[in-house]
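Q: prediction below, plus the sequence it came from.
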Amino acid sequence: MRRDYLHAADEELDGAYEEPMALAEYVDAAFERPSIASHASKYLLEAIESMGTRTVIEEGEEIERYRFFDDPHNDGEHAILGNTEVLNGFVDDLRTIAAKRGKGEKILWFDGPTATGKSELKRCLINGLREYSKTEEGRRYTVEWNVANASDTRGLSYTDSDVESEDDWYESPVQAHPFTVFPAEVRRSLVADLNGDSGDHIPVVVDEALDPFSREAYGYLEERYRRAGTGELFSKIADARHLRVKNYVVDVGKGIGVLHSEDDGSPKERLVGSWMPGMLRELDSRGRKNPQAFSYDGVLSQGNGLLTVVEDATQHSDLLQKLLNVPDEGHVKLDKGIGMDIDTQLLIISNPDLDVELDKFADRNGRDPLKALKRRLDRHEFRYLTNLSLETELVRRELTNETAVWEADSYEELAARIREPLTLDVRDGHGTVRTRELAPHALA
């Protein structure tokens, strides 16, 4: 019987991962399933919509709610109770951003008092995106490189070995989109054909250049084959011996970047990462900064390809201005002359004290240095639950291990749930466990 758990774990992982494929195979797969090539905001929208909707009754009105926010993959453990209109507004914004119809320059901001569901939103997004990326439609892909078989190599392999092995493959540290390998003009034609075939009302957009780490490998291979007088140069670089496409399961650090309140370091370290002096020496870069010796562990690097979340934004208010141009320009700097394109949906979370931080220069006779930042923030306000059924549901969740989200076809069903008494086992000071029943009015 215990072996069943091992079998279940095998099936879970087998269903989440695929064998690496050649670039041409990925292109064919994208034409069959365009969703696997979606840009960040479009992918996030598709993940939310993939779980469908249900009708809820809040404040006496029936409204549609996305099941994604009920945290269904965790039996509702991190469900966001209430605030359905706020969440629907968030999805509407995503739809506008994904379709490039506006708000592309905005940073989505979730504001509200403590214990209103903001942290649950973060957990719900992480859980939902992780599980969606394990599905056929939600697969997420990036590239990995091998230059060890291009002769006289150091570069990515960091060794002098000519023996081909799995250890010679190095994945893009920022989840680079496979289409970014193509030259810009070819990529534009490819994406246009893909959108023409799919007929989706929200087209796929891939405007980014290849990330600096991958560019180093690409440049090395290009130089080797060009000097050898090789024809069909791109085909040589993209040959399956050097480049392959692999899927990954989305998680924190892998398509989702989360900047926590306790995270420290310089702004550049927190946003994109830092240089590794030991690796620079190992790579023998002859005085230049080789992008392969960068850590790429900043929140934007980790969130490239999907989602970047800044928690407790007041603690990181010094970064907010540096994020100002990321949504519309989609570009950050690692160092002088070394930049990186970014495709990520920015989301910041704060308590109301961020307002105080943003308004501290407001009385400077129109010369507020934060004025541009405030224009870029698109605010969604979480509020305390004032709905009887939601309050009762919340109290029951806090007192018991019940996590299942309440669903009902009518208010009469909800009223019946509200009137149900609650039985708890309580241990007294002598260690004796007694059963106690709470009357419905004690919960509501």
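A: Received it, and whenever you're ready, just let me know what you need.
Q: packing partners of the helix or strand containing Val245?
A: According to DSSP states H and E, Val245 maps onto strand 243-248. Contacts defined by 3 or more Cβ pairs under 8 Å, 6 or more residues apart in numbering; DSSP states H and E place strand 243-248 against helix 23-32, strand 140-145. Glycine gets a C-beta too; all of them are placed from N, C-alpha and C.
Q: point out the most buried one among these.
A: strand 140-145 (a mean of 23; mean count of other Cβ atoms under 10 Å).
Q: strands of the stretch 151-300 of the chain, start to end?
A: Per DSSP state E, counting those that start in this stretch, the stretch 151-300 of the chain carries strands over the ranges 170-171, 243-248, 251-252, 255-259.
Q: residues in contact with the third one?
A: By Cβ atoms under 8 Å, 6 or more residues apart in numbering, the surrounding residues in contact with strand 251-252 are 126, 130, 258, 302.
Q: mind exporting the C-alpha coordinates of stretch 69-89 to PDB?
A: Extracted in PDB, the C-alpha atoms of stretch 69-89 (Å, rounded to 0.1, in the frame of the first residue of the first chain):
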ATOM      1  CA  PHE A  69      -9.000  32.700  -6.600                       C
ATOM      2  CA  ASP A  70     -10.600  29.900  -4.500                       C
ATOM      3  CA  ASP A  71      -7.200  28.100  -4.500                       C
ATOM      4  CA  PRO A  72      -8.800  24.800  -5.800                       C
ATOM      5  CA  HIS A  73      -5.500  22.900  -6.100                       C
ATOM      6  CA  ASN A  74      -5.000  23.200  -2.300                       C
ATOM      7  CA  ASP A  75      -8.600  22.500  -1.300                       C
ATOM      8  CA  GLY A  76      -9.100  26.200  -0.700                       C
ATOM      9  CA  GLU A  77      -6.400  26.600   1.900                       C
ATOM     10  CA  HIS A  78      -5.300  30.000   0.500                       C
ATOM     11  CA  ALA A  79      -8.700  31.000  -1.000                       C
ATOM     12  CA  ILE A  80      -9.400  34.700  -1.100                       C
ATOM     13  CA  LEU A  81     -12.700  35.300   0.700                       C
ATOM     14  CA  GLY A  82     -14.900  38.000  -0.800                       C
ATOM     15  CA  ASN A  83     -13.400  41.000  -2.700                       C
ATOM     16  CA  THR A  84     -14.700  39.400  -5.900                       C
ATOM     17  CA  GLU A  85     -15.300  42.800  -7.600                       C
ATOM     18  CA  VAL A  86     -11.700  43.800  -6.800                       C
ATOM     19  CA  LEU A  87     -10.400  40.500  -8.300                       C
ATOM     20  CA  ASN A  88     -12.600  40.900 -11.300                       C
ATOM     21  CA  GLY A  89     -11.200  44.400 -11.800                       C
END
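Q: got the helices and strands packed on strand 243-248 as TSV, with mean pLDDT columns?
A: Converted to TSV, the helices and strands packed on strand 243-248 look like this (pLDDT from 0 to 100):
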stretch	mean pLDDT
helix 23-32	96
strand 140-145	97
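Q: okay, the ones you listed in CSV with distance to Lys106 next?
A: Converted to CSV, the helices and strands packed on strand 243-248 look like this (distance: least, Cβ to Cβ, whole Å):
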stretch, distance to Lys106
helix 23-32, 28
strand 140-145, 24
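Q: looking at these, which is nearest to Ile48?
A: strand 140-145 (15.2 Å; Cβ to Cβ).
Q: what about stretch 224-242, how long is it end to end?
A: 12 Å (Cα to Cα, to the nearest Å).
Q: rounded mean pLDDT for it, please.
A: On average, the pLDDT along stretch 224-242 is 90.
Q: which parts of that stretch are buried?
A: Neighbour counts over stretch 224-242 (16 or more other Cβ atoms under 10 Å) mark 224-225, 234, 236-239, 242 as buried.
Q: tell me the one of the residues you listed nearest Val27?
A: Ala238 (10.4 Å).
Q: next, the angle strand 140-145 makes with the strand holding Val245.
A: Relative orientation of strand 243-248 versus strand 140-145 (axes from the mean of the first three to the mean of the last three Cα atoms, to 10 degrees): 140 degrees.
Q: who does Asp111 form a beta bridge with?
A: Ser350, Glu381 (DSSP bridges).
Q: if I look at it, how far off is Leu271?
A: With distances taken as Cβ to Cβ, to the nearest Å, Asp111 is found 22 Å from Leu271.
Q: circling back: of the contacts of strand 251-252 - the most surrounded one?
A: Neighbour counts for the contacts of strand 251-252 peak at Gln302, which has 27 neighbours (criterion: other Cβ atoms under 10 Å).
Q: how far off centre is the helix or strand encompassing it?
A: Counting by DSSP H and E, the element that carries Gln302 is helix 299-303. Offset of helix 299-303 from its chain centre (Cα atoms, centre = their mean, to the nearest Å): 9 Å.
Q: which residues in the stretch 101-250 of the chain form helices?
A: Along the stretch 101-250 of the chain, the segments classed as helices by DSSP state H, counting those that start in this stretch run 118-132, 184-198, 212-227, 233-237.
Q: go on, the stretch 251-400 of the chain?
A: 267-271, 277-283, 299-303, 317-320, 326-329, 353-358, 371-376, 388-399.
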